[in-house]
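got a sequence here, can you model it:
(one chain, ligands or ions: 1)
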Amino acid sequence: MESTSDKVLLGKLLGESAYHYEDRRELLIDNLISVDIVGDDEIREIKYSNRLAHADRIQILYYLYYLKRLGIEKTGVINYPKMRRKEEVILTPQGEREVEEALLRVQEILNMDRPPAIVRKPYCPKCAYYEFCFG
Ligand code: SF4
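Sure thing, here's the model as predicted:
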């Protein structure tokens with residue numbers, strides 16, 4: 001569904017055009033996580049807007065958590081180039097607990113016989129999965 005989403009396409013174009021001088025981009029690790037930019041000391045994610053800042057943060061925390069389990073310790077940065085903003089993200093013990101709690105919630109949903117009841121959020125109409133959820 002993401003292949004037909006204008007928003008996803010805009011984000012992809014932004015990701016390709018912003019920081020084009022970086023050479024280690026869109027690195028797929030273990031066929032599981034795809035990191036926008038991998039630097040010597042940090043990983044970076046490029047986002048179109050900060051409307052889902054909490055989701056952006058837990059995404060990069062998860063990447064940092066995953067890399068740490070591979071023996072790679074880095075810091076994280078979320079870039080919002082259109083807003084000329086960036087957020088630094090460090091994997092603290094609290095951050096690790098947040099990731100583990102999120103993974104538990106994911107597992108709980110995967111274990112359900114039926115998906116949880118749908119809740120319409122303000123950002124749903126712009127989501128790539130809108131037709132899937134509400135069509
Ligand atoms: S449209 Fe569906 S997948 Fe997208 S944010 Fe809303 S509930 Fe989640």
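
Three-state assignment for the residue located most distally from the centre of the chain, please.
Within the chain, the residue lying farthest from the chain centre (Cα atoms, centre = their mean) is D113, at 26.7 Å. State at D113, reduced to three classes by DSSP: H, G, I helix; E, B strand; the rest coil: coil.

so how far is L67 from it?
Using Cβ to Cβ, to the nearest Å, we find D113 at a distance of 34 Å from L67. Where C-beta positions appear, they are placed from N, C-alpha and C, glycine not excepted.

ok so, going back, tell me the phi and psi of the residue farthest from the centre of the chain?
For D113, the backbone dihedrals are phi -70, psi -40 (criterion: degrees, to the nearest 10).

in contact with it, which residues?
If you count contacts by Cβ atoms under 8 Å, 6 or more residues apart in numbering, D113 has none.

any figure for the gap between it and the ligand?
Separation of D113 from the ligand (Cβ to the nearest ligand atom, to the nearest Å): 19 Å.

same question, T75
Distance from T75 to the ligand, counting by Cβ to the nearest ligand atom: 28 Å.

A102 too?
Distance from A102 to the ligand, by Cβ to the nearest ligand atom: 15 Å.

grab the nearest non-local neighbour of that residue.
If the residues on either side of it in the chain are set aside, A102 comes closest to I58, at 5.7 Å by Cβ to Cβ, 6 or more residues apart in numbering.

give me the pLDDT for the residue positioned nearest the centre of the chain.
Centrality entry for the chain: nearest residue to the mean C-alpha point is Q59, 3.8 Å, by Cα atoms, centre = their mean. Confidence at Q59, expressed as pLDDT, is 97.

just checking, it is part of a helix?
Yes: under three-state DSSP, Q59 falls within a helix.

who's in contact with it?
E45.

what's the distance between it and V89?
In terms of Cβ to Cβ, Q59 sits 9 Å off from V89.

so, low pLDDT: which residues of the chain?
For the chain, residues meeting the criterion pLDDT under 70 lie at 1.

at 50 instead, please
The chain contains no residues with pLDDT under 50.

within range of the ligand, give me the residues from it.
Counting by Cβ under 6 Å from any ligand atom, the chain comes close to the ligand at I118, K121, Y123, C124, C127, Y129, Y130, C133.
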